[in-house]
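> sequence? don't have it. structure:
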């Protein structure tokens, strides 16, 4: 089989600005080590450059690499694999719920060299943390979805480029997040973002015009808020000034004294949507009149990412396997594109992690079958796009060999989780441990029960919602409870959360369950729904009909710790270690 290969990895020449940033990072490390730079000042500086602290360390870091709207290619994936192999522990990349890539336990002296390699492959960590405009996310099927109104990728890229290093977004009261959606299905979870844009078409004077329904003020964290509509239709040429108006208002009116109330969702709560809308539209008018910022010279090309099919030479006949593994994988992990004859393939990264050999293998597969086109997804998976449908048996075989052919992507068994207390400074529990402990309950038929497939399970290691537990059918966040004078790791179970276009409904806290008993409680709940729901009754409607008191009664037995089992006092993922309630100083609001 002959295949058109992409050129060898292109090494980007760094700009003068990038070189200056790297030099400053090296200088600041030396200044910190010599005692001439305050550690708090260094923390603020490194956060703006995507470098986070690691729990219980002083000289190791998590590096967050922005993948703008999830856009990744095979060369970049290979480069990231090399970076992880050289610098990270463990030797893997973690895909986040914001389409970014994180690597952990990077020694501080090695950070500048790592940042150089990231920049040389065309990516950046700049403003991936801190009080800035964070990674801009978008529907991971944008450009290929059969249901999309239009391709939102050019607009997501424009917003990302517009605000990167833009002074208007460098010192905000708190972080600020954008999301774009082109489909009626809310893949991007627009309603939980500071600014969300949903593609719409409108006929004006007989001409079809592209635009967006723009939302403001969404967010999760300890106190979640649903975004609200700014205006019913924002023409595409007003997208950037509308976004800039919102960021400027947040910059002026966000709470800089109390970081716990600093997000724009609190401004919206205090003002109400009527005042917020009036302020945004007035600010936008001023921006247009004064030509503030980088607008109007910053233009969006709506066809910037129009793609030609990959050039792949395949054998004349490729037999399709009949084995159950391939059949299930094709059912759950393959999504036909709007381009006839091509498909997107969801590659499950178990618990959000993909290891160095797998990264190299996936990069090779992407080159072989789709000219290197990849996406990261907020579901913590990777997506191959433009795969010829005829090639699916070959792709499956190669993914299987690499350990990447796990079925049930974006189904009930595909659990979302944050890094938790493995690395996070403020986590209470090891959310990765819970996710791993839940996995076996889907090995006995629950993973294929059709009535369970659309249930979403999401886990966070604390009340902050990095794992997006608030918008899960079944959500968990880490907590602690004193039992017989000892700290015991627990999880609060939330039920009934979801998003859809224009709606963000947050799960209701129902029970606090010892960590070690969460898997059996979850299994009992899933079986209860499986056996008792009405025909075509989805999970969240079932919960509402049955009622939370009934669910609490059903699961009450799992809140009890057997007195004769000392292991119940340990956390999942930290077995053999005495649990102690600890929360470090968070850095998101530094």
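Looks like it arrived, so ask away. All figures in this text were calculated on a predicted structure; none of them were measured in a lab.
> Where does residue 544 fall, secondary structure wise?
Element membership of residue 544, judged by DSSP states H and E, is helix 539-546.
> surely residue 427 meets residue 434?
No - if you go by C-beta atoms under 8 Å, residue 427 and residue 434 don't touch, sitting 11.5 Å apart. Backbone N, C-alpha and C define where each C-beta goes, glycine included.
> Which of those two has more residues huddled nearby?
When residue 427 and residue 434 are compared on other C-beta atoms under 10 Å, the one with more neighbours turns out to be residue 434, at 30 against 25.
> would the more buried one count as being in a strand?
No - counting by DSSP: H, G, I helix; E, B strand; the rest coil, residue 434 is located in no strand; its state is helix.
> residues in contact with it?
417, 459, 476, 491, 515, 518-519, 572-573 (C-beta atoms under 8 Å, 6 or more residues apart in numbering).
> 10 Å instead?
Listed by C-beta atoms under 10 Å, 6 or more residues apart in numbering, the contact partners of residue 434 are 415, 417, 420, 457, 459-461, 467, 476, 478, 489, 491, 515-516, 518-519, 522, 571-573.
> Look at the residue nearest the centre of the chain and give its secondary structure.
Averaging the C-alpha coordinates of the chain gives a centre point, and the residue nearest to it by C-alpha atoms, centre = their mean is residue 97 (1.4 Å). Taken by three-state DSSP, the conformation at residue 97 corresponds to coil.
> That one is in contact with residue 456, isn't it?
No - checked against C-beta atoms under 10 Å, the pair residue 97 and residue 456 is beyond contact range at 11.9 Å.
> related to what we said a few turns ago, the contacts of residue 434 in strands, which ones?
Judged by DSSP state E, the contacts of residue 434 include 417, 457, 459-460, 476, 478, 489, 491 as members of strands.
> just to revisit the earlier point, need the residues touching each of residue 427 and residue 434.
Each of 420, 460-461, 478 lies in contact with both residue 427 and residue 434 under the rule C-beta under 10 Å, 6+ apart.
> one step back: which residues touch the helix holding residue 544?
412, 451-452, 454-456, 473-474, 495-498, 505, 507-508, 510, 525-526, 528-529, 532-534, 537, 550-551, 554.
> Then stretch 306-321?
Residues from elsewhere that reach stretch 306-321 (C-beta under 10 Å, 6+ apart): 1-6, 143-144, 151, 153-154, 326-327, 329-330, 339-342, 366-373, 385-388, 390-394, 396-397.
> if we can go back for a sec, for residue 131, state which of the shared contacts of residue 427 and residue 434 is nearest.
Each of those was checked against residue 131 using C-beta to C-beta; the closest is residue 460, at 21.2 Å.
> returning to what we had before: what's the overlap in contacts for residue 97 and residue 456?
379, 416, 468.
> Isn't residue 133 up against residue 159?
Yes - with contacts defined as C-beta under 10 Å, residue 133 counts as touching residue 159 at a distance of 8.3 Å.
> hang on, the earlier thing: just the closest of the ones in strands among the contacts of residue 434 to residue 269, please.
Top of the list for closeness to residue 269, among those and by C-beta to C-beta, is residue 460 at 22.0 Å.
> what's the closest non-adjacent residue to the closest one?
Leaving aside its chain neighbours, residue 460 sits nearest to residue 467 (3.7 Å; criterion: C-beta to C-beta, 6 or more residues apart in numbering).
> Could you give the number of residues near the one you found?
Here the neighbour count serves as a burial measure; for residue 467 (other C-beta under 10 Å) it reads 31.
> For it, list the residues it contacts.
96-97, 220, 352, 380, 415-420, 431, 434-435, 457-461, 475-478.
> what's near enough to touch residue 244?
Contact criterion C-beta under 10 Å, 6+ apart gives 159, 162-163, 166, 168-169, 283-284, 287-288, 292-295, 298 as the residues in contact with residue 244.
> Quick check: which of the residues you listed has the minimum pLDDT.
Across the contacts of residue 244, the member with the lowest pLDDT is residue 292, scoring 67.
> now stretch 170-186: mean pLDDT?
Averaged over stretch 170-186, pLDDT sits at 97.
> Give me the buried positions along that stretch.
Of the residues in stretch 170-186, those scored as buried under the neighbour-count criterion (16 or more other C-beta atoms under 10 Å) are 172-183, 186.
> Please apply the same query to stretch 342-361.
Going by neighbour count (16+ other C-beta under 10 Å), the buried part of stretch 342-361 is 342-356, 358-361.
> go on, stretch 194-214?
Counting neighbours by 16+ other C-beta under 10 Å, the buried set in stretch 194-214 is 194-200, 210-214.
> Check the offset of it from the chain's centre.
Between the centre of stretch 194-214 and the centre of its chain there are 25 Å (C-alpha atoms, centre = their mean, to the nearest Å).
> before we move on, what about stretch 363-376?
Averaging C-alpha coordinates over stretch 363-376 and over its chain gives two centres that are 21 Å apart (C-alpha atoms, centre = their mean).
> ok, back up a step: keep only those of the contacts of stretch 306-321 that are in helices.
The members of the contacts of stretch 306-321 that map onto helices under DSSP state H are 153-154, 326-327, 329-330, 366-370, 392-394, 396-397.
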